[in-house]
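>>> coordinates for the following, if possible.
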Amino acid sequence: MPMTSQRPPDHGARARDGRLPAVPVRAVGYLAAAWCVGYAGVSAWQVAGDPIGQTGPGRRYAAYASGLAVMSVLAGVLKLAGAAVAVAAVRVRPGRPRQLLGVALWGAFGLLGLYSAGNLVITVGTVSGLLAPSAAWTAAGGVTPRAIGYVLFFLVGAAMFGVLAVWFHRRHRLRWTSAVAGLAGAPLLLALLLAVAPAVLGRWGLLPT
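Numbers count the residues shown, from 1 in each chain. Okay, here's the model as predicted:
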């Protein structure tokens, strides 16, 4: 009776053809998820431990602690969703909504890339004198190591999700409409976070108008 080798059950990620994603790709996926979870931790700390609602020197928005907490929760939910998308991308199995995952990956890349580009434009424009310094810029002290780290932090996140989006799109031979839908939805989601939600909370008296 011929001997047949039995492959041990694989509980890891498998793509459409049954192969595991390459180790570097899985590493990027898990790093992107860790990036999102770590950033979500900042939102949680702002809600639970940061004294945004306390009075004292420099607490200009103490009266709007509830509105700021709502914004932090909304941002935290999106960050956790990004972590779930990054992990799912490198653990995809047959039957999972690959098209939807592709849209989400392109959307995450577009949102982070657009936000990073906006920060770079504001920084370069203000330093060069083309843009007048905003109140937030003045309060932050201009170009500081912390501000530079903030910009670089988002650039790293955008790069990781960009790598995942391109790899996932090619790996599963998704339609080009996935990339278009994700990239087109990114500015809408960013506008919702930076403009619509604060405006609604402002009308309710939870944020300054």
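>>> in this structure, where is pLDDT below threshold?
Along the chain, segments meeting pLDDT under 70 span 1-19, 46, 49-63, 93-96, 135-136, 139-140.
>>> swap in 80 and give it another go.
Residues of the chain meeting the criterion pLDDT under 80: 1-20, 43, 46-65, 92-96, 129, 131-143, 209.
>>> what ranges does this protein have for its helices?
23-48, 65-90, 98-128, 135-140, 145-171, 176-191, 197-203 (DSSP state H).
>>> right, and these - which one's nearest T209?
Between T209 and those, the tightest spacing by C-beta to C-beta is seen for helix 197-203, at 4.0 Å. (Glycine included, C-beta is placed from N, CA and C.)
>>> kindly export the closest one (C-alpha atoms) in CSV.
The C-alpha trace of helix 197-203 is given here as CSV (Å, rounded to 0.1, in the frame of the first residue of the first chain):
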residue,chain,number,x,y,z
ALA,A,197,-19.6,65.3,13.0
PRO,A,198,-18.1,68.4,14.7
ALA,A,199,-20.7,70.5,13.0
VAL,A,200,-23.5,68.3,14.3
LEU,A,201,-22.0,68.2,17.8
GLY,A,202,-21.6,72.0,17.6
ARG,A,203,-25.3,72.5,16.9
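>>> circling back: now the helices of the chain in TSV, with mean neighbour count and distance to T209?
As requested, the helices of the chain are exported to TSV (neighbours: other C-beta atoms under 10 Å; distance: least, C-beta to C-beta, whole Å):
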stretch	mean neighbour count	distance to T209
helix 23-48	17	21
helix 65-90	20	11
helix 98-128	19	22
helix 135-140	12	15
helix 145-171	17	26
helix 176-191	16	17
helix 197-203	15	4
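>>> separation between S72 and V163?
S72 sits 28 Å away from V163, going by C-beta to C-beta, to the nearest Å.
>>> right, I mislabeled it, should have said P145
27 Å.
>>> one more: V37?
18 Å.
>>> same question for A81.
On the measure of C-beta to C-beta, A81 and V163 end up 19 Å apart.
>>> now swap in A104 and tell me
A104 is 15 Å from V163, by C-beta to C-beta.
>>> ok, now G205?
43 Å.
>>> same deal with V23?
V23 is 14 Å from V163, by C-beta to C-beta.
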